[in-house]
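In: Pasting a predicted model and its sequence here:
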2 protein chains.
Amino acid sequence: MPEQSPGSRPTLEAVAARAGVSRATASRVVNGGAGVRQPLVDKVLRAVEELGYVPNHAARTLVTRRTGAVAVIIAEPEIRIFSDPFFSQQIRGISKELTAHDTQLVLLLLEGPGDFERIARYLAGGHVDGALAFSLHIDDPLPAIIRRSGTPTVYGGRPSWTSAPSDQGVPYVDADNRGGARAAVQYLRDLGRERIAHIAGPRDQTSSTDRLDGYRDVLLDADPALITEGEFTVESGARAMKELLDRRPDLDAVFAANDLMASGALRVLRERGIPVPDEVALVGFDDMVSVAEDTDPPLTTIRQDVEGQGRLMARLLLRGLDKDSAETHAPASVITPTTLVRRASA
Amino acid sequence: MPEQSPGSRPTLEAVAARAGVSRATASRVVNGGAGVRQPLVDKVLRAVEELGYVPNHAARTLVTRRTGAVAVIIAEPEIRIFSDPFFSQQIRGISKELTAHDTQLVLLLLEGPGDFERIARYLAGGHVDGALAFSLHIDDPLPAIIRRSGTPTVYGGRPSWTSAPSDQGVPYVDADNRGGARAAVQYLRDLGRERIAHIAGPRDQTSSTDRLDGYRDVLLDADPALITEGEFTVESGARAMKELLDRRPDLDAVFAANDLMASGALRVLRERGIPVPDEVALVGFDDMVSVAEDTDPPLTTIRQDVEGQGRLMARLLLRGLDKDSAETHAPASVITPTTLVRRASA
DNA sequence: CTCCACCCAGAGAGCGCTCCCAGGGCCTTG
DNA sequence: CAAGGCCCTGGGAGCGCTCTCTGGGTGGAG
């Protein structure tokens, strides 16, 4: 690769001149070369090589009205994005898919609660062709902002204002939280457990409520005392476990809405000398890397393919952006399957 | 904010027409309004408001040759970016600083070993004004690629080919690894420990070697049998601890090059019934969130301000990009201080 | 009262690219 | 052999913006 000449980079014009063709032809070659005779293609390609030509993105965007970039919007307070490999993994999947389609990833992290205005401006500015958003909380202003900007968007996780998979035509990708929870609880029941408790996640996230719904699907008449709530953290899981043991010392199983809380619960059970799974069986959710496998005993849990979800989000968005398939209209939502992973805790 | 009209967004031309001024004046107002009389400023501003005008970024970039975006390049295999809150935290800091300067963050994750070519093309394409890179390994091809592209770049962590802080004029931000290590070992010595072992990190990362150097600074004549190597993971820390205990069962302290390995070591010590810190004192490094504080006993460790480092990286880059201060030339590297955090493990 | 200087607004030229449209060459067919 | 058609190439307009340069108006000074 030729060293960058100081100052300006070569333009299409320069390439055309060197190849002895017109700018239009050079452009055609650079963009695939369809409808250009081979000898000319070769000449242009050689000129590109020799000059180290790289198309000017801004100029191209100006006329094509496509930026080749997609925003990833994460509107979460700091805490979660750190301790949770969830986002990193999701982003990894997104990045993989975008890269494969030659699309850039612009990361938009919300800085403080008043920062929505900035996001709105950015989207309205047409900097990106579309967006992938994680809107986890009820009453999140983000979806409204996004809708108003007219930016094609796919959500990660079921937005709170939807209730059915196909609702409102807002495309999203989510794990089968309810089905997974059902499978977990059913598994505990099949094990012969009769007093199955649930440590739910925050009430304002659909993943929590969906999992709670799944629990209730199986245990239609569950004692309310068997249900507590945590915040998806280790600490809150420990706290919840204590609460449950106070209320129902006779419980013989716990389904925690995520692995972090399950590991907190496990710690409390160990501290109290309650053998797992002999006396209390425990099932988590997520199959979180370097958590589920590393507890003692390792967690039986519900696995979801987080990276795959990220990939899918990107794919859905890209497909929607592709005008060729625009006939297919807005992409539909996708619910990805979950699987039960049996380890030692249940 | 007015709803986006279907199809095209309003242009400066439209704003100018509505305000009854020329495009040039409208442009001036949009860009700060210097040198325009107040009544006209007001008229233009009103037109902007009414039309919902947002400048076209591509057009602006085309003429100003500034993109208002910075690339963050992470060339790490998946594993680390997941389990390590390090990057997330660094990115948080970067994002904060960039946002404050109205600059966008384009995330470039390396997808597979052959992906450097793509990064090179991207940087050469002038999509971004500068880059922030994490090049952790010796023989990483990334720095060469970046240099060739001519993209102003600040590194996170001391690149391997530098040896002194001001070397080669390649700006980077790093914690005072050597000094921190020195403090850790000195602390153990002050505690009266005489056979202090070290679990080093991977040999091909400067943070590892710098910490090892710090250890050696204090223990000039350390028995080589007291030094092992891990891969900055919990598992490798456990393995290293076993190795050390085999070789030198009489050791009375361990300095691990990061908290993850320290927690692995701790597990082994507990399994073997060796009381910490009574018989073996343990010091980690990083003060990693949800690790150092959550072990049993909690880790004494060396804290570094990761988010602050990210912020600093962005600030350095932005300052270098700002032509006003271009006189100051390439930004200098910064070494951020570390502090010893005393907990129960030593 | 006149002249000059200064300040502010507008006209116009591009930035580098894509894409429409017209025209030229060559091959095919009558 | 001539005419028609088709494929390929080049010319040129224009995407939306910034910025230089020119010109007009106003205020102050002589």
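Out: The structure has been received and is ready for your questions. In this text, all values refer to a predicted model and were calculated from it rather than measured experimentally. Residues are numbered from 1 along each chain as shown, chains lettered A, B, ... in the order given.
In: tell me which element A:A314 falls in.
Out: For A:A314, the element it lies in under DSSP states H and E is helix A:306-321.
In: likewise A:A71?
Out: Assigned by DSSP H and E, A:A71 falls in strand A:69-74.
In: Check whether that strand comes near chain B.
Out: Yes: with CB under 8 Å from any CB of the partner chain as the criterion, chain B is reached by strand A:69-74 at A:A69, A:V72. Glycine gets a C-beta too; all of them are placed from N, C-alpha and C.
In: Give me the angle between the helix holding A:A314 and strand A:69-74.
Out: With axes from the mean of the first three to the mean of the last three CA atoms, to 10 degrees as the basis, helix A:306-321 and strand A:69-74 are set at 140 degrees to each other.
In: which outside residues touch helix A:306-321?
Out: Helix A:306-321 has contacts (CB atoms under 8 Å, 6 or more residues apart in numbering or on different chains) with A:70, A:86, A:89-98, A:101, A:103, A:129-132, A:152-156, A:171, A:173-175, A:286, A:325-326, A:328, A:330-331, A:334, A:336.
In: Downstream of it, the next helix or strand is which one?
Out: Trace forward from helix A:306-321 with DSSP H and E and the next one is strand A:334-336.
In: quick revisit: what is the mean pLDDT for the strand holding A:A71?
Out: Across strand A:69-74, pLDDT averages out at 94.
In: now swap in stretch A:50-60 and tell me
Out: Mean predicted lDDT for stretch A:50-60 stands at 93.
In: what's the answer for stretch A:181-201, then?
Out: Stretch A:181-201 comes out at a mean pLDDT of 97.
In: Quick check: buried residues in stretch A:32-47?
Out: Buried residues in stretch A:32-47, counted by 16 or more other CB atoms under 10 Å in any protein chain shown: A:G33, A:V36, A:L40, A:V41, A:K43, A:V44, A:L45, A:A47.
In: Buried members of the contacts of helix A:306-321 into PyMOL, please.
Out: Buried members of the contacts of helix A:306-321 can be picked out in PyMOL with the line below, counting by 16+ other CB under 10 Å:
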select buried, chain A and resi 70+86+89+90+91+92+93+94+95+96+97+98+103+129+130+131+132+152+153+154+155+156+171+173+174+175+286+331+334
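In: hang on, the earlier thing: helices or strands up against the strand holding A:A71?
Out: Secondary-structure packing of strand A:69-74 (3 or more CB pairs under 8 Å, 6 or more residues apart in numbering or on different chains; DSSP states H and E): helix A:85-100, strand A:104-109, helix A:116-124, strand A:130-134, helix A:306-321.
In: redo that, cut-off 10 Å
Out: helix A:85-100, strand A:104-109, helix A:116-124, strand A:130-134, helix A:142-149, strand A:153-156, helix A:306-321, strand B:104-109 (3 or more CB pairs under 10 Å, 6 or more residues apart in numbering or on different chains; DSSP states H and E).
In: Following the chain onward from the shortest one, which element is next?
Out: I take that to be strand A:153-156. Counting by DSSP H and E, the next helix or strand C-terminal to strand A:153-156 is strand A:172-175.
In: Tell me which strands that next one pairs with, and in which orientation.
Out: Using DSSP bridges, the strands paired with strand A:172-175 in its sheet are strand A:153-156 (parallel), strand A:334-336 (parallel).
In: can you list the ones you listed in CSV and add mean pLDDT and distance to DNA strand D?
Out: Converted to CSV, those look like this (pLDDT from 0 to 100; distance: least, CB to the nearest atom of the strand, whole Å):
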stretch, mean pLDDT, distance to DNA strand D
strand A:153-156, 94, 23
strand A:334-336, 95, 35
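In: which stretches of the stretch 201-346 of chain A form helices?
Out: A:206-218, A:234-247, A:259-271, A:306-321 (DSSP state H, counting those that start in this stretch).
In: now for these, which one comes closest to DNA strand D?
Out: The closest of the helices of the stretch 201-346 of chain A to DNA strand D is helix A:306-321. By CB to the nearest atom of the strand, the value is 19.0 Å.
In: where are the low-confidence patches of chain A?
Out: A:1-8, A:77-84, A:162-168, A:323-331 (pLDDT under 70).
In: Point out the residues in the stretch 201-346 of chain A that sit beside chain B.
Out: Within the stretch 201-346 of chain A, the positions near chain B by CB under 10 Å from any CB of the partner chain are A:233-235, A:260, A:267, A:288-291, A:294, A:296, A:306-307.
In: Kindly present the helices of the stretch 201-346 of chain A as CSV, with separate columns for mean neighbour count.
Out: Output for the helices of the stretch 201-346 of chain A, formatted as CSV (neighbours: other CB atoms under 10 Å in any protein chain shown):
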stretch, mean neighbour count
helix A:206-218, 21
helix A:234-247, 20
helix A:259-271, 23
helix A:306-321, 22
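In: which one of the ones you listed lies closest to A:R148?
Out: Among these, helix A:306-321 comes nearest to A:R148, with 18.2 Å by CB to CB.
In: How far off centre is that closest one?
Out: Remark: helix A:306-321 is offset 9 Å from the chain centroid, using CA atoms, centre = their mean, to the nearest Å.
In: likewise stretch A:65-74?
Out: Chain-centre distance of stretch A:65-74: 16 Å, with CA atoms, centre = their mean.
In: Okay, buried residues for it please.
Out: Of the residues in stretch A:65-74, A:T67, A:G68, A:A69, A:V70, A:A71, A:V72, A:I73, A:I74 count as buried by neighbour count, 16+ other CB under 10 Å.
In: Is there proximity between that stretch and DNA strand D?
Out: No: against DNA strand D, stretch A:65-74 shows no contacts by CB under 7 Å from any atom of the strand, the least distance being 7.6 Å.
In: Need the CA coordinates for that stretch. PDB is fine.
Out: Presented in PDB, the C-alpha positions along stretch A:65-74 are these (Å, rounded to 0.1, in the frame of the first residue of the first chain):
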ATOM      1  CA  ARG A  65     -27.900   9.100   0.600                       C
ATOM      2  CA  ARG A  66     -26.600   6.100   2.300                       C
ATOM      3  CA  THR A  67     -24.000   6.300   5.000                       C
ATOM      4  CA  GLY A  68     -23.100   2.700   5.400                       C
ATOM      5  CA  ALA A  69     -23.300   3.000   9.100                       C
ATOM      6  CA  VAL A  70     -25.600   1.800  11.800                       C
ATOM      7  CA  ALA A  71     -26.000   3.200  15.300                       C
ATOM      8  CA  VAL A  72     -26.100   1.000  18.300                       C
ATOM      9  CA  ILE A  73     -27.900   2.800  21.100                       C
ATOM     10  CA  ILE A  74     -27.400   1.700  24.600                       C
END
